[in-house]
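Trainee: turn this into a structure:
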Amino acid sequence: MKAACSKGIIDDSDDSMSDAPPRLRRITNTDDDLDLDVQHPVEDMQPRSRKSSASSAMSATSAFARIHVDTDTDDRDHERRSRRSSTGSGHSGRHSVAGMELDNDESLEVDAAPKKKVTKVSAARQKQADAEKPEIKSEAVADAVDNASVDAATVTPESEWHASTHLVFPAPGKDIALLAQRAEVQSVLRGASTLMKDDVCFVDAYPRVGQRGGFARPKLLEAAAPLPEAVHIYERLMLDKQYAVFLAPIPIDRAILLRGGMKRSAVNCVMGYYELTGLTPDKVMKRVEELLKDHRYIFPSSLEIKGRLLLDQPFCHGAISHIIKEELFSTASYVEEHATLFPTGKKSRAAERELPDSMVALAATAVYAALMEFRNTGRKQNIPFKEDAYEGTYRNHMKTLKDSRKDAPGAVHAVLHQLYKEVAESDQIVHTASGSSATLIQLVDIPDSD
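Mentor: As a prediction, this is how the structure comes out:
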């Protein structure tokens, strides 16, 4: 069986993977919009017994991951506002890593008091009134100390720390600038930014963020630890929590920019990959609706039969590969630098690298976001790639991969391994026409050992 993303429908004649069902029958999808010819397994099929000889073909054990993806939930997620906000931010009002594109700074607003009639009072009386006035500290301001803009007046005197840790502070209301800092500080910030971007791609693109300083501090410490020139920075990070608050915006914002880059790449390629070029706005809207329904945009179509989706190849559409390759694998060093982070198959496939779930789900979410910009008018509209609009879609894709892996781990590995080869080892991504699909993902499992 060939589960490669660029190969088409599973071919059970391949001796290297002979674990596809012995018989398949075709069922034509009855979708009113599109005529889809989808392969389904015969329900009464019984698995063949495994032969003990190493030279014999592998036995066929099939499991099908049937995942219904709720697009209504995604639409609601697109409309709802973010549920989370930072409880202790270290820069000017941006609340979490998951902003996707940098938002305008928020600030505490104070309503202007109505003008009162000015009455003259003696200087002595005014002085007495001022002295007797109780000190009122806004509770909101007190609770939002960590959210306040960087202000040099609030910083522990730099002279108390080693010179290599000193920061150059900007004007009030601004975050510190990377290039304005000492070389040692820049090295730590760049290292922490890389670590945080790696987490977006290999762990979670939308991490839960409470206090920004507390969230970024482990990455700052990890970046500083191996650098001899950063020994005093490491020490200060351990002792001075406010120091991490001042440094946090730079690595956090770099992670946000990475996600924004995915979205921009998707916007630039969806017109071609999903055959929207040259269509009237009405036809674009209709086409986009078909693609968004049940997340059909993640499936490639058969190159031989137009309109038939390859439901055994979720996330293998050429647009997804293109985005990942363009944004992450454009430099030859990316694979080598991240060699230990890529997951692999099990047993006999332990040497076969996969793309991580988070990277694939984020690219698919970027495609979804790009298509949404054409949904209402048939022409591109700028919709910020923000967490409150798209995190639900990302979580949905992550769940799809997780659930599919439970039922067909070998097949999911084959899909993700093929994606890895396309973006890491190939100079060209196969352009596959888009189509529509049923709500089921069908994966024929591949045993982990011969």
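Trainee: average pLDDT for stretch 159-179, rounded please.
Mentor: The average of the pLDDT scores along stretch 159-179 is 92.
Trainee: can you give me the end-to-end span of that stretch?
Mentor: One end of stretch 159-179 to the other measures 21 Å (Cα to Cα, to the nearest Å).
Trainee: going by neighbour count, which residues of it are buried?
Mentor: For stretch 159-179, the neighbour count (16 or more other Cβ atoms under 10 Å) marks 161, 165, 166, 167, 169, 175, 176, 178 as buried. For glycine as for every other residue, the C-beta is placed from the backbone atoms N, C-alpha and C.
Trainee: okay but residue 401 is in contact with residue 362, surely?
Mentor: No: counting by Cβ atoms under 8 Å, residue 401 does not reach residue 362; the two are 11.7 Å apart.
Trainee: ok, these two, which is more surrounded?
Mentor: Here residue 401 and residue 362 are compared on neighbour count by other Cβ atoms under 10 Å; more neighbours surround residue 362, at 29 against 22.
Trainee: name the helix or strand for that one, please.
Mentor: Here residue 362 sits within helix 357-372, counting by DSSP states H and E.
Trainee: CA atoms of that helix as CSV?
Mentor: Output in CSV follows, covering the C-alpha atoms of helix 357-372 (Å, rounded to 0.1, in the frame of the first residue of the first chain):
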residue,chain,number,x,y,z
ASP,A,357,1.5,17.7,14.6
SER,A,358,1.7,21.3,15.6
MET,A,359,3.5,22.3,12.5
VAL,A,360,1.0,20.6,10.2
ALA,A,361,-2.0,21.8,12.2
LEU,A,362,-0.7,25.4,12.1
ALA,A,363,-0.2,25.3,8.3
ALA,A,364,-3.7,23.9,7.8
THR,A,365,-5.1,26.6,10.1
ALA,A,366,-3.3,29.2,8.0
VAL,A,367,-5.0,27.9,4.9
TYR,A,368,-8.3,28.0,6.6
ALA,A,369,-7.7,31.6,7.6
ALA,A,370,-6.6,32.6,4.1
LEU,A,371,-9.8,31.0,2.6
MET,A,372,-11.9,32.9,5.1
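Trainee: what's the following helix or strand after that helix?
Mentor: helix 387-407.
Trainee: what helices or strands is the helix or strand that contains residue 256 leaning on?
Mentor: Using DSSP H and E, residue 256 maps to helix 249-273. Here helix 249-273 touches helix 183-202, helix 212-224, helix 318-328, helix 357-372, going by 3 or more Cβ pairs under 8 Å, 6 or more residues apart in numbering; DSSP states H and E.
Trainee: will you turn those into a markdown table that also has distance to residue 293 and mean pLDDT?
Mentor: As requested, the helices and strands packed on helix 249-273 are arranged in a markdown table below (distance: least, Cβ to Cβ, whole Å; pLDDT from 0 to 100):
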| stretch | distance to residue 293 | mean pLDDT |
| --- | --- | --- |
| helix 183-202 | 28 | 97 |
| helix 212-224 | 37 | 93 |
| helix 318-328 | 17 | 96 |
| helix 357-372 | 11 | 97 |
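Trainee: most tightly packed of the ones you listed?
Mentor: helix 357-372 (a mean of 27; mean count of other Cβ atoms under 10 Å).
Trainee: so who does residue 419 touch?
Mentor: 5, 315, 316, 320, 321, 324, 354, 355, 360 (Cβ atoms under 8 Å, 6 or more residues apart in numbering).
Trainee: okay, it: pLDDT?
Mentor: Looking at residue 419, the pLDDT reads 96.
Trainee: for the one 3 residues further on, same thing?
Mentor: The model reports residue 422 with a pLDDT of 93.
Trainee: same check on residue 114?
Mentor: Residue 114 carries a pLDDT value of 44.
Trainee: let me see the ranges of the strands in this protein.
Mentor: 24-28, 37-41 (DSSP state E).
Trainee: could you pull up the mean pLDDT of the first one?
Mentor: Strand 24-28 shows a mean pLDDT of 34 in the predicted model.
Trainee: also the last one?
Mentor: For strand 37-41, the mean per-residue pLDDT is 39.
Trainee: packing partners of the helix holding residue 362?
Mentor: Counting by 3+ Cβ pairs under 8 Å, 6+ apart, helix 357-372 packs on helix 183-202, helix 249-273, helix 281-292, helix 318-328, helix 387-407, helix 409-424.
Trainee: can you redo the ones you listed as JSON lines with distance to residue 232?
Mentor: Output for the helices and strands packed on helix 357-372, formatted as JSON lines (distance: least, Cβ to Cβ, whole Å):
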{"stretch": "helix 183-202", "distance to residue 232": "8"}
{"stretch": "helix 249-273", "distance to residue 232": "19"}
{"stretch": "helix 281-292", "distance to residue 232": "53"}
{"stretch": "helix 318-328", "distance to residue 232": "34"}
{"stretch": "helix 387-407", "distance to residue 232": "36"}
{"stretch": "helix 409-424", "distance to residue 232": "39"}
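Trainee: for residue 373, which of these is the nearest?
Mentor: Of all the helices and strands packed on helix 357-372, it is helix 249-273 that lies closest to residue 373, at 6.6 Å by Cβ to Cβ.
Trainee: and that closest one with helix 387-407, angle?
Mentor: If you take axes from the mean of the first three to the mean of the last three Cα atoms, to 10 degrees, helix 249-273 sits at 70 degrees to helix 387-407.
Trainee: tell me which residues in helix 249-273 are buried?
Mentor: For helix 249-273, a neighbour-count test (16+ other Cβ under 10 Å) marks 249-256, 258-267, 269-271, 273 as buried.
Trainee: same deal with stretch 401-418?
Mentor: By neighbour count on 16+ other Cβ under 10 Å, the buried set for stretch 401-418 is 401, 404-405, 407-418.
Trainee: what is the neighbour count of residue 340?
Mentor: Neighbours around residue 340, by other Cβ under 10 Å: 5.
Trainee: how far away is it from residue 198?
Mentor: Counting by Cβ to Cβ, to the nearest Å, the gap from residue 340 to residue 198 is 11 Å.
Trainee: next one: residue 286
Mentor: 40 Å.
Trainee: next one: residue 341
Mentor: Counting by Cβ to Cβ - residue 341 and residue 198 are separated by 6 Å.
Trainee: quick revisit: now for the helices and strands packed on helix 357-372, which one comes closest to residue 210?
Mentor: With Cβ to Cβ as the criterion, residue 210 lies closest to helix 249-273 of those, at 12.5 Å.
Trainee: now the angle from the closest one to helix 357-372?
Mentor: For helix 249-273 against helix 357-372, the angle by the same axes, to 10 degrees is 60 degrees.
Trainee: average model confidence for helix 249-273?
Mentor: On average, helix 249-273 scores 94.
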